[in-house]
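Q: I need the structure of the sequence given here:
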Amino acid sequence: MTLPDVLIPTYVQMLGALSAWLGKAEVQRPGGGAETLLAARLAPDMFPLSTQVRFACVQAQEGLFRLRGQAFPAYVGVLLDEGRNAAEHPGSIAEARNRIAETIAAIEVAAMDMPAVDPATPIAHALPQGMVFDLTAEQYVRDWALPQFYFHVMTAYTILRAQGVELGKADYVAHMFSYLRPGTLPSQ
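A: I've put the predicted structure just below:
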């Protein structure tokens, strides 16, 4: 199994789940009530839901571009700026779901010609504050790319739950039902 083999399906399935959770929020809070969720936060010093969605999209794309050794395209910068400014301009649920769909499409395109990546390939991961982490590709995927992505996805899930959107474990692991052995689902 290669590093892209781990990242690509993980990104696609969890972004799909995130979009589904936002869809549930729309259904459960009709008439624009779901839009207020985009400004919700878990704590005053945390980013709102609208930022968590955008940053999950950024993290998914960042992981693949770093493994390719490529600079980020301009649209990743647009997502970052939208995320940083989402408290003032949270957008709509439809826009958030569109960003997720665009990200999934970009990941699927990248997957078509993703080169093999040697797990020992050095990656210098620089943060905007000036810190630089020297990692191997394997360390980058394990210790940064996946945890950062899941942080934003899980924070979005938690904000939705904290705001009363009815979500459960089955919503979080919806991708697992494709592996369910027939006849083993408990009856209600």
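Q: helices or strands up against the helix or strand where V27 lies?
A: Applying DSSP states H and E as the criterion places V27 in helix 3-28. If you count contacts as 3 or more C-beta pairs under 8 Å, 6 or more residues apart in numbering; DSSP states H and E, helix 3-28 packs onto helix 49-68, helix 93-112, helix 146-162, helix 169-172. For the C-beta atoms, the positions are set from N, CA and C on the backbone; glycine is no exception.
Q: Report the buried residues of the helix or strand that the second one is followed by.
A: The first helix or strand that comes after helix 93-112 along the chain, using DSSP H and E, is strand 122-126. Within strand 122-126, the residues scored as buried using 16 or more other C-beta atoms under 10 Å are I123, H125.
Q: Give me the buried positions along the helix holding V27.
A: 3-4, 6-8, 10-15, 17-19, 21-22, 24-26, 28.
Q: follow-up on the earlier one: which among the helices and strands packed on helix 3-28 is found nearest to T136?
A: Checking those against T136 by C-beta to C-beta gives helix 49-68 as the closest, at 11.2 Å.
Q: helices or strands next to that closest one in the packing?
A: Helix 49-68 makes packing contacts with helix 3-28, helix 74-84, helix 93-112, strand 122-126, helix 137-140, helix 146-162 when contacts are defined by 3+ C-beta pairs under 8 Å, 6+ apart.
Q: Show me which helix or strand of the protein is least confident by mean pLDDT.
A: helix 74-84 (a mean of 87; mean pLDDT, DSSP states H and E).
Q: for that helix, packing partners?
A: In terms of contacts (3+ C-beta pairs under 8 Å, 6+ apart), helix 74-84 is packed against helix 49-68, helix 93-112.
Q: Would you tell me which of the helices and strands packed on helix 49-68 gets closest to P186?
A: Per C-beta to C-beta, nearest to P186 of the helices and strands packed on helix 49-68: helix 3-28, 21.4 Å.
Q: Could you check the angle that closest one makes with helix 146-162?
A: 10 degrees (axes from the mean of the first three to the mean of the last three C-alpha atoms, to 10 degrees).
Q: Mind pulling the model confidence for the most centrally placed residue in the chain?
A: Nearest to the geometric centre of the chain sits A56, at 2.9 Å (C-alpha atoms, centre = their mean). According to the prediction, A56 has pLDDT 97.
Q: With the one 10 residues further on instead?
A: The confidence metric pLDDT takes the value 90 at R66.
Q: from here on, count from 198
A: New numbering, starting at 198: the last item is R263.
Q: ok, for it, nearest residue in space, not its chain neighbours?
A: Nearest non-adjacent residue to R263, counting by C-beta to C-beta, 6 or more residues apart in numbering: I320, 5.9 Å away.
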